[in-house]
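Undergrad: starting from these lines, generate the structure:
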Amino acid sequence: MTTEDGGTGPGRKAHRGRPVKRSVAAVATVVAAALAAGCSAPGAPVDDARGAGHGPAGTRPDGAGPAPAAPSPGKPERTPGGADRDPGVRTTPPAGPLLAVKIDNVGAARPQTGLDAADIVYVEPVEGGLSRLMAVYATKLPKAVGPVRSARESDLELLRQFDRPVLAFSGAQRKLLPLIGDAPLRAVTPDAAPGAYYRGADGQAPHNLYVRPGRLLPSAPGAAALTTGFRFGAAPDGGTPRTSRTVRYPAARFTFEWSPDRRRWLVSTDGRATTTADGRRAAPATVVVQYMKVRASAYHDSLGNHTPYPETVGAGKAEVLRDGRSYAVRWKRPTAEEGTRFTTNDGRPVAFAPGQVWVVFAKAP
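TA: Numbers count the residues shown, from 1 in each chain. Below is the predicted model of the structure:
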């Protein structure tokens, strides 16, 4: 993945939906079969990027997920809003868990639905040099989000910064299911909660699966659930004027263009404007290009392409884009249970502009 100084298109109609139907007996059979396959399938792990609809081990058919576990010994209990790391930020407890949704990002999946309502959008590398999105919702729940796709091993490390989040995804390869079942989150697939998902009538499978967030959470938990370590406020001193930034993956590219009128970064993907199904342009207030080690995981797709594993725990360099300027910064995340701090080279905290944040994971040079 490389970055460069950067570089719009028609979207498909807002989709009509049909529900994902499962009988209770069928759901139980599919989940049991997935669990057995996940524990006993021979050979090397295979991570099917197409999302076969397999649910995680231990997920109940009602979609409630595994019972909460006690905090692990030796791990700090987090306070809302990251107050255990950043004194002075809000300490109001969240109303419940936040929602994270794995979203398809190939051409056939665009335009996506509900992307503009996310508080944070993570851009992740996947097999074949392509990308996938993880959208995080805490302050607002849209009516629908999608297209929903499959989870990856690195998602589990990324999500440990939150307090038992709900993860909506289409499935995962069988060998990965036990890890998902053991993770401190509530994993909900179409097999586990068929009433929460539906197939869009205007797209082709597997690029037409959508989730209704209101059927997974009673309400948005609020900003206190965003225990990311991010700070928001005035821009730091310095920076370099920047009107455009492009980040390239082997088979995908993202361009962020500064709009002085909207005071937002307008997103384009593969040379076309990134819009939602109802025509809204993706326009975050802050963009972070976070450089990190990206290794090959033990899992791969059906073509033998190993799943990239971006290591979000550690430290490294990053670039923060806000207010039409670029800031060279450092990032640090000591453990998976903590959020990520961004600081200047001399250690001062870097604040983001209030509003949506996009974080692009890029391979460190």
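Undergrad: how about residues contacting stretch 349-359?
TA: The contact list for stretch 349-359 (C-beta atoms under 8 Å, 6 or more residues apart in numbering) reads 86, 116, 118-123, 230-236, 256, 263-265, 267, 282-288, 290, 320, 322-323, 327, 329, 341-344. C-beta coordinates here come from the backbone N, C-alpha and C atoms, glycine included.
Undergrad: give me the buried subset of those residues.
TA: When the contacts of stretch 349-359 are checked for burial by 16 or more other C-beta atoms under 10 Å, the buried set is 116, 118-123, 230-231, 235-236, 256, 264-265, 267, 282-288, 290, 320, 322-323, 327, 329, 341-344.
Undergrad: quick one, phi/psi of the closest residue to residue 251 other than its chain neighbours?
TA: Distances taken as C-beta to C-beta, 6 or more residues apart in numbering put residue 129 closest to residue 251, at 3.4 Å, once the chain neighbours are dropped. Main-chain torsions, residue 129, degrees, to the nearest 10: phi 80, psi 10.
Undergrad: I'd say residue 129 and residue 252 touch.
TA: Yes - using C-beta atoms under 8 Å, residue 129 makes contact with residue 252 at a distance of 6.8 Å.
Undergrad: compare neighbour counts for these two and give me the winner.
TA: More neighbours surround residue 252 than the other of residue 129 and residue 252, with 21 against 14 (other C-beta atoms under 10 Å).
Undergrad: the more buried one against residue 130, yeah?
TA: Yes - counting by C-beta under 8 Å, residue 252 touches residue 130, with 5.5 Å between them.
Undergrad: between those two, what contacts are shared?
TA: Common contacts of residue 252 and residue 130 (C-beta under 8 Å, 6+ apart): residue 105.
Undergrad: what does the pLDDT read for residue 299?
TA: With respect to pLDDT, residue 299 has a value of 81.
Undergrad: and it, which of the three is it?
TA: Using DSSP: H, G, I helix; E, B strand; the rest coil, the structure places residue 299 in strand.
Undergrad: I'd say it and residue 153 touch.
TA: Yes - contact criterion C-beta under 8 Å: residue 299 and residue 153 qualify, at 6.0 Å.
Undergrad: among the contacts of stretch 349-359, which are in strands?
TA: When DSSP state E is applied, the contacts of stretch 349-359 are split such that 120-123, 231-232, 256, 264-265, 267, 286-288, 290, 320, 322, 327, 329, 341-343 fall in strands.
Undergrad: average pLDDT across stretch 180-198?
TA: pLDDT averaged over stretch 180-198 gives 97.
Undergrad: distance from the chain centre to it, please.
TA: Per C-alpha atoms, centre = their mean, to the nearest Å, the displacement of stretch 180-198 from the mean C-alpha position of its chain is 15 Å.
Undergrad: what about dumping the CA coordinates of that stretch to PDB?
TA: The C-alpha coordinates for stretch 180-198 follow below in PDB (Å, rounded to 0.1, in the frame of the first residue of the first chain):
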ATOM      1  CA  ILE A 180     -15.000 -15.300  17.300                       C
ATOM      2  CA  GLY A 181     -17.100 -17.300  19.800                       C
ATOM      3  CA  ASP A 182     -14.500 -16.700  22.500                       C
ATOM      4  CA  ALA A 183     -14.000 -13.000  21.800                       C
ATOM      5  CA  PRO A 184     -15.500 -10.400  24.300                       C
ATOM      6  CA  LEU A 185     -18.300  -9.300  21.900                       C
ATOM      7  CA  ARG A 186     -21.800 -10.300  20.800                       C
ATOM      8  CA  ALA A 187     -21.500 -11.800  17.300                       C
ATOM      9  CA  VAL A 188     -24.700 -11.700  15.200                       C
ATOM     10  CA  THR A 189     -25.000 -13.300  11.800                       C
ATOM     11  CA  PRO A 190     -28.000 -13.800   9.600                       C
ATOM     12  CA  ASP A 191     -28.200 -17.400  10.900                       C
ATOM     13  CA  ALA A 192     -28.300 -16.200  14.500                       C
ATOM     14  CA  ALA A 193     -30.800 -13.300  13.900                       C
ATOM     15  CA  PRO A 194     -32.500 -13.800  10.500                       C
ATOM     16  CA  GLY A 195     -35.100 -11.100  11.400                       C
ATOM     17  CA  ALA A 196     -32.400  -8.500  11.500                       C
ATOM     18  CA  TYR A 197     -31.100  -9.100   8.000                       C
ATOM     19  CA  TYR A 198     -32.600  -8.900   4.500                       C
END
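Undergrad: what about the helices in the stretch 151-300 of the chain?
TA: Applying DSSP state H, counting those that start in this stretch to the stretch 151-300 of the chain gives helices spanning 153-159, 177-182.
Undergrad: can you tell me which of those is nearest to residue 99?
TA: Of all the helices of the stretch 151-300 of the chain, helix 153-159 sits nearest to residue 99, with 10.9 Å by C-beta to C-beta.
Undergrad: where are the low-confidence patches of the stretch 151-300 of the chain?
TA: Counting by pLDDT under 70, the stretch 151-300 of the chain shows no low-confidence range.
Undergrad: ok, residue 344 - contacts?
TA: Contact partners of residue 344, counting by C-beta under 8 Å, 6+ apart, are 236, 238, 327, 329-330, 350.
Undergrad: let me see the confidence value for it.
TA: The score at residue 344 is 96. That number is its pLDDT.
Undergrad: how close does it get to residue 350?
TA: From residue 344 over to residue 350 the distance is 6 Å, taken as C-beta to C-beta, to the nearest Å.
Undergrad: cool, and residue 167?
TA: Distance of residue 167 to residue 350, given as C-beta to C-beta: 28 Å.
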